[in-house]
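Visitor: Got a sequence here, can you build the structure:
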Amino acid sequence: MSDACCATTTPDIETATTPSAIWQVRELQAAATSGVLLLAALPASDRWATALRLAALVVGAATFVPGTLRALMRGRLGVGLLMTIAAIGAVALGEYGEAATLAFLFSIAEGLEGYAVARTRHGLRALLDLVPPTARVLRDGAESEVSPTDLRVGDVLLVRPGEKIATDGVVTSGRSALDTSVVTGESVPVEVGPGTEVFAGTVNGTGALEIIVTATARDNSLARLVHIVHEAQERKGTSQRLAERFARPLVPGVLVLAALVAGLGSLLGEPDVWIERALVVLVAAAPCAFALSVPVAVIAAIGSASKAGVLVKGGAAVEALGKVKIVALDKTGTLTRNEPAVIDVITAPATERDHVLDVAAALEARSEHPLATAILAARPAPRPADEVAAVPGSGLRGTVGGRPARLGKPGFIEPGPLADDVTRLQDAGATVVLVEHDNILLGAVAVRDEVRPEAAEAVAQLKRQGVEVVMLTGDNARTAAAIAADAGITDVHAELLPADKARIVTELQARGPVAMVGDGINDAPALATAEVGIAMGAMGSDVAIEAADIALMGEDLRRLPDAIAHTRAARAIFIQNLLMSGGILITLVPLAATGVLGLATVVATHELAEVLVIANGLRAGRRTRLPHHAALRAAARAARTAPQPTPQPVAAPLAPAGRTLLPIAAGACTDGCCSPISEDSL
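Guide: Predicted coordinates:
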């Protein structure tokens, strides 16, 4: 590791060895041995003291000299070269104790550096260990156990209760709840059944499952996640590039400076004194602490974020998110669940709520429209209507129980006495359809893509962080206003095309750095325009992960303010490390050149600084700002699916002060029916 700070290497995450316990690290064992020999030399006679100090030097130097020589043969100059020259020079001057002290302290720094990087990399590599050692498959009608690496696409995977899923697939039989927290960071189990996509490393609950394998162990979502995060750790941010720009030329520059100190000083007299000072300058100007200021913190921050379901693609993304002042949120799938649901049923006089839903569900029974999905969820397994025909832009006609029935938007069916209720529901952002049977108006069904239950909390947290929140949507202004009011957002831009979203992001950048949060596909122009593009619910979506700088693997919007807090803390640590290491360099070099500080003092100060930089950098890996959150979505889902004997009216939203709405375009559909349940697919 002695040259890693000036010539970064990229170890293979797949082959990285498990880091040892700290006391088993080879460099630290050598440092301990060297230290014991140095202590033993203190009470020894001159002859034995010299031998013990030389032995301490050899043991300590063995941790960095071989690597330094190999790097030098490849034409690379690193910090280890400065330390090697300084140690050789100290021996030449008869300063065996100082040479041994230098080797002892530098070997400690080498060991701690290597252990820190290996530990953070191993935390990511350990994700692959979430895959079970064996998988049970059904082949040729017989069960057998195979290694996950032997699984083939199309295999039938058998997963018992409590077992881990070996690779990605689709459930074909059985129902259960999966613990996905290891991948998404969400603590709420996810209900799965036939047709549900499942991912490697997740833990099965109480039901047995049969799963068709859709990806091999090398290509599954967990392997892709590890690969992408590993690549992200190598992406450099501005601070890291700044550190490297200074560190790389600093090594040859220090060699030249030391030569000048020795040469010019010798011309003035006392060559021994000035040569010794030149050796001290070599050590004082070693830039390893400066170059390590950012990389260790980046690796630690990205590794810990990935375990909490936040995929951060490199140091540049860490820095950019840490500076964000404005967050632009897409509506559908970001602020809302993208799961339309029936929120209210208004009945005509002398009509039962269940009768309204029965007729509506019968007409929608064979439809795959989002509106139909919501109605069928409220009234599952209906008896399909006969002779169903679509009326383009209006609704459906058919026969239910031998009598004609219709379902459609206001205008296609006159709302009559329900007109005020229909208007109220539309003002609340709902899509309203009227239901008619045997030429008699039965009632109205209101469907809306509901706001995520955690959205208001997430928006409030962003505001407490001093972040301005804006909503961008392709939906109509009425729906946008209702959703924004529920989420606590007052700056709303509605009826936008993708190019409009990118334009507004550009306008927002005049007020500060902008993060755009969307689905990673439809919002691609805006994601690319913003300083930081963030994809929501990206687990299993290669497109979303590739389109964004940061991907929230789960669907809990509270991870957004968590990620901002985490990256702000990491960025603060970058700056602390750069200032500390740069300040030490500026202070030590002139003191060493003028003879104020000797070799032992400079070595101790320099290596202590390196240890402090590494230790401070590791703080970026703390997950205190990425906590587990209460299971709001599970509670909301249960409440939504619970029987509702009486309709719950939806309060009309008030227009908050300061709301910004784009004018409704001429000819736009504003009743929410001709383009039901939203539009953000534009």
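Visitor: tell me what the helix or strand hosting T84 is packed against?
Guide: In this structure, T84 sits in helix 79-92 according to DSSP states H and E. Using 3 or more Cβ pairs under 8 Å, 6 or more residues apart in numbering; DSSP states H and E as the contact criterion, the secondary-structure elements in contact with helix 79-92 are helix 46-61, helix 65-73, helix 96-125, helix 238-267, helix 271-284. (Glycine included, C-beta is placed from N, CA and C.)
Visitor: ok now that helix, how far from the chain's centre?
Guide: When C-alpha coordinates are averaged (Cα atoms, centre = their mean, to the nearest Å), helix 79-92 and its chain have centres 43 Å apart.
Visitor: got the CA positions of it in PDB?
Guide: These are the backbone C-alpha positions of helix 79-92, laid out as PDB (Å, rounded to 0.1, in the frame of the first residue of the first chain):
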ATOM      1  CA  VAL A  79       5.700   7.800  -0.900                       C
ATOM      2  CA  GLY A  80       7.500   4.600  -0.100                       C
ATOM      3  CA  LEU A  81      10.400   5.800  -2.100                       C
ATOM      4  CA  LEU A  82      10.800   8.900   0.000                       C
ATOM      5  CA  MET A  83      10.700   6.800   3.200                       C
ATOM      6  CA  THR A  84      13.300   4.300   1.800                       C
ATOM      7  CA  ILE A  85      15.700   7.100   0.800                       C
ATOM      8  CA  ALA A  86      15.300   8.700   4.200                       C
ATOM      9  CA  ALA A  87      15.900   5.400   6.000                       C
ATOM     10  CA  ILE A  88      19.000   4.700   3.900                       C
ATOM     11  CA  GLY A  89      20.300   8.200   4.500                       C
ATOM     12  CA  ALA A  90      19.800   8.000   8.300                       C
ATOM     13  CA  VAL A  91      21.700   4.700   8.400                       C
ATOM     14  CA  ALA A  92      24.500   6.400   6.300                       C
END
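Visitor: can you tell me the average pLDDT over that helix?
Guide: What helix 79-92 shows for mean pLDDT is 73.
Visitor: surely T50 meets Y96?
Guide: Yes: T50 sits in contact with Y96 when judged by Cβ atoms under 8 Å, with a separation of 5.7 Å.
Visitor: More neighbours: which of the two?
Guide: Y96 (19 against 15; other Cβ atoms under 10 Å).
Visitor: Name the SS class of the residue of the chain most remote from its centre, please.
Guide: In the chain, counting by Cα atoms, centre = their mean, G269 sits farthest out from the average C-alpha position, at 60.7 Å. Three-state secondary structure (criterion: DSSP: H, G, I helix; E, B strand; the rest coil) places G269 in coil.
Visitor: mind listing what's buried in the helix holding T84?
Guide: If you call a residue buried by 16 or more other Cβ atoms under 10 Å, then helix 79-92 has these buried ones: 79-87, 89-91.
Visitor: Could you export those as JSON lines, including distance to L597?
Guide: Formatted as JSON lines, the entries for the buried residues of helix 79-92 read as follows, by distance: Cβ to Cβ, whole Å:
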{"residue": "V79", "distance to L597": "19"}
{"residue": "G80", "distance to L597": "22"}
{"residue": "L81", "distance to L597": "21"}
{"residue": "L82", "distance to L597": "16"}
{"residue": "M83", "distance to L597": "16"}
{"residue": "T84", "distance to L597": "20"}
{"residue": "I85", "distance to L597": "18"}
{"residue": "A86", "distance to L597": "13"}
{"residue": "A87", "distance to L597": "17"}
{"residue": "G89", "distance to L597": "16"}
{"residue": "A90", "distance to L597": "14"}
{"residue": "V91", "distance to L597": "20"}
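Visitor: which two in those are spaced the farthest apart?
Guide: Between any two of these, the greatest separation by Cβ to Cβ is 19.1 Å, found for V79 and V91.
Visitor: ok, the nearest residue to R619 once chain neighbours are set aside - how many residues close by?
Guide: In space, not counting the residues next to it along the chain, R619 is nearest to I573; the distance is 5.9 Å by Cβ to Cβ, 6 or more residues apart in numbering. When neighbours are counted by other Cβ under 10 Å, I573 registers 25.
Visitor: and A40, how many neighbours?
Guide: By the other Cβ under 10 Å criterion, the neighbourhood of A40 contains 15 residues.
Visitor: For A87, see how far away it is.
Guide: Note on A40: its distance to A87, by Cβ to Cβ, to the nearest Å, is 20 Å.
Visitor: out of everything not next to it in sequence, what's closest to G322?
Guide: Leaving out its chain neighbours, G322 is closest to R571 (Cβ to Cβ, 6+ apart), at 3.4 Å.
Visitor: Correct me if wrong: that neighbour contacts V324.
Guide: No: no contact is recorded between R571 and V324 when judged using Cβ under 8 Å, the distance being 10.6 Å.
Visitor: any residues in contact with both of T50 and Y96?
Guide: Among the neighbours of T50, none is also in contact with Y96 (Cβ atoms under 8 Å, 6 or more residues apart in numbering).
Visitor: Not counting its neighbours along the chain, what's nearest N439?
Guide: The spatially closest residue to N439, leaving aside those adjacent along the chain, is P404, at 6.8 Å (Cβ to Cβ, 6+ apart).
Visitor: returning to what we had before: residues in contact with the residue nearest to G322?
Guide: The contact partners of R571, taken as Cβ under 8 Å, 6+ apart, are 239, 318-319, 322-323.
Visitor: let's see it at 10 Å
Guide: Contact analysis of R571 by Cβ atoms under 10 Å, 6 or more residues apart in numbering lists 237, 239, 294, 297, 301, 315, 318-323, 620.
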